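Enquirer: here is my input; please provide its structure:
(2 chains)
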Amino acid sequence: MKHVRIKDGEHTAFGNENNPFGWLPPAAQTPAAFNLTDLVRRCRWIASDIGASGFALFFHDPSPNGVQLAPCFDSSYPGMNAATKAIAACVPTGEIVRHLQGRTEPCWWSNDAFSETAAALGKLAWISKVAAMTAEHCGIAFPVHAERDRSGLIVFLGTEIAMSQDALFDVHARCFSLFSGLCRIRSRVDGQTISRRELECLKLTANGYTSEEIARLLKLSVHTANQYLAQSAQKLNAVNRTQAVAKALRLGLIE
Amino acid sequence: MTCTAAQDHPASIDNPGQRLASRGELTAFLTGLAEEIGADHYMLVGITHDQARADARIIASNWMFDAIELAGKRVIASLANGPLTAALGAPPLPLVTAEVAGAVGLLNAEEARLLDALGHAEICSLRIDAGRQRLFALFSAAEAGAIDQAALTRIQMKCCYALSQARNLFAGAAMQDPLSDRERECLLWVSEGKTTDEVALILGVSSNTINSYITHAIQKFSASNRAMAIATAIRSGII
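Expert: Sure, this is the predicted structure:
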């Protein structure tokens, strides 16, 4: 029975030429088909397409201590190179964190030694220049966002980065795809162990119901409802149910 | 480098120096995008979460008034943020209304016929991330197959860039942050699992003060308890 006609997307921007690994399919289709190594490989392909020699992916961690960029992987995976550490260390006060919080446009930096790259990037529309974050490279940084307010930054470094205007849109779209894949890997790790019943209880808690109300709605005893909530908090490594709700929402386990 | 912004994108709205400064420019920008892909209609929608229920808030649209009224906000919300919505970096999945989208639970036969008759034979929904603000752009054409699929990713990114520069034009599309800095700080710590006493210690004020901050936050969200206030704040991206 044919209900929805879905056009073949393979011949568009996501064909083999542009994205050798295709796009990351929705979680429902292939629950465990890719891992971090695949993502690093995709990132390497993007880097080679734009002439970058290095790359790094940072998670934007909202924490009460202020904004942090937590490095996830870089071109030295599984190790971590000096440039990545330098970027992670210098950002808390920098404009790039502010940029990431409010903006989607990519930004780039350069210095006098790389006037050619600077000229090439300077011609592109939509992207803005920021203060140099690494002295020995030019860089271009793509803000990325995913479900549940998770955001990050994918940085490409090199001395000969160049791309056309259309390639900019394309590369950024691939960065988004990469990041959503990464977020899915992250929530998969935690998501496997939490039962459906526990998630139901968490979701109802998030909607403001008390244990007594949850017990009544799900036809459980109050003790069982409390036990489900305690178990889910334990599995999420949370100290109480409020933190468990917050963690489950941030990980995308509940809506 | 063969390509420059001026050659490939003559429209002045592509110039990063010229931001969308008014509603009129936003309309012109969206009309331009619709033309670029061969769509007849556009609609820019924000989804607000009101106590766990999703609701659509239309920011800009050239749909007929009747089409919006007849389809209803609920249908628009589910079209905008549904299973066929193209995330950034995923290939678009156009919905052909005549072929009834009941299978994906978006429209029933009656709603599909209605949209088809009103000139929305094919609808594409694109997710737009303007900074941390999430919006949805619906592009539709009177004839199925009229929308240029290959160009959709490009205009999706353009839309993200332009709207992230012009967030003041649609302030209020998502929930406004009603909290004071102190209240937000308290909620953030509570969401990290801290108790009232611990937050009081961290912020160096009395626990009564902390409780009052949290009570205010709960009231502002019309939540029934702490967990719900935290959930509402996270869902709307405030913490």
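Enquirer: secondary structure class for the spatially most central residue of chain B?
Expert: In chain B, the centroid-proximal residue (CA atoms, centre = their mean) is residue B:135; its distance is 1.6 Å. Look at residue B:135: counting by DSSP: H, G, I helix; E, B strand; the rest coil, its state is strand.
Enquirer: I figured it hits residue B:45, correct?
Expert: Yes: in this structure, residue B:135 is within contact of residue B:45 by CB atoms under 8 Å, at 6.6 Å. Just so you know, the C-beta spots here come from the backbone N, C-alpha and C atoms, and that holds for glycine as well.
Enquirer: shared neighbours, those two?
Expert: residue B:59 (CB atoms under 8 Å, 6 or more residues apart in numbering or on different chains).
Enquirer: residue A:68 in helix, strand or coil?
Expert: Put simply, residue A:68 is strand when judged by three-state DSSP.
Enquirer: any idea which helix is longest in chain B?
Expert: Identified as the longest helix of chain B according to DSSP state H is helix B:149-165.
Enquirer: ignore what I typed, I meant chain A.
Expert: From DSSP H, the single longest helix across chain A is helix A:165-191.
Enquirer: so which bits of the helix or strand just after that one are buried?
Expert: Next helix or strand after helix A:165-191 toward the C-terminus (DSSP states H and E): helix A:196-206. Residues of helix A:196-206 classed as buried: A:198-206 (neighbour count, 16 or more other CB atoms under 10 Å in any protein chain shown).
Enquirer: residue B:201: which of those residues is nearest?
Expert: residue A:205 (25.7 Å; CB to CB).
Enquirer: residue at max distance from the center of chain A?
Expert: Quick read of chain A (CA atoms, centre = their mean): farthest out is residue A:221, 39.4 Å.
Enquirer: show me the contacts for that residue.
Expert: Residue A:221 sits in contact with residue A:215, where contact means CB under 8 Å, 6+ apart.
Enquirer: okay, which residue is most central for chain A?
Expert: When CA atoms, centre = their mean is applied to chain A, the residue found nearest the centroid is residue A:179 (3.5 Å).
Enquirer: wait, isn't it in contact with residue A:144?
Expert: Yes: judged on CB under 8 Å, residue A:179 makes contact with residue A:144 at a distance of 3.9 Å.
Enquirer: overlap of the contact sets of those two?
Expert: With CB under 8 Å, 6+ apart as the test, residue A:179 and residue A:144 both reach A:152, A:154.
Enquirer: where do the strands sit along chain A?
Expert: Here chain A has its strands, by DSSP state E, at A:54-63, A:66-74, A:107-109, A:128-129, A:138-146, A:150-158.
Enquirer: identify the neighbouring strands of the longest one in the sheet and state each direction.
Expert: Neighbouring strands of strand A:54-63 in its sheet, by DSSP bridges, are strand A:66-74 (antiparallel), strand A:150-158 (antiparallel).
Enquirer: and the fifth one, by the same measure?
Expert: Strand pairing for strand A:138-146, determined by DSSP bridges: strand A:107-109 (antiparallel), strand A:150-158 (antiparallel).
Enquirer: would you list those in CSV and tack on mean neighbour count?
Expert: Output for these, formatted as CSV (neighbours: other CB atoms under 10 Å in any protein chain shown):
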stretch, mean neighbour count
strand A:107-109, 22
strand A:150-158, 24
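Enquirer: mind putting those strands in CSV, mean pLDDT included?
Expert: As requested, the strands paired with strand A:138-146 are arranged in CSV below (pLDDT from 0 to 100):
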stretch, mean pLDDT
strand A:107-109, 85
strand A:150-158, 87
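Enquirer: want to throw these into JSON lines with distance to residue A:171?
Expert: Shown next, in JSON lines, are these (distance: least, CB to CB, whole Å):
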{"stretch": "strand A:107-109", "distance to residue A:171": "12"}
{"stretch": "strand A:150-158", "distance to residue A:171": "8"}
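Enquirer: nearest spatial neighbour of the one residue in the stretch 51-200 of chain A that gets nearest to chain B, skipping sequence neighbours?
Expert: Per CB to the nearest CB, residue A:177 is where the stretch 51-200 of chain A lies closest to chain B, at 2.8 Å. Nearest non-adjacent residue to residue A:177, counting by CB to CB, 6 or more residues apart in numbering or on different chains: residue B:89, 2.8 Å away.
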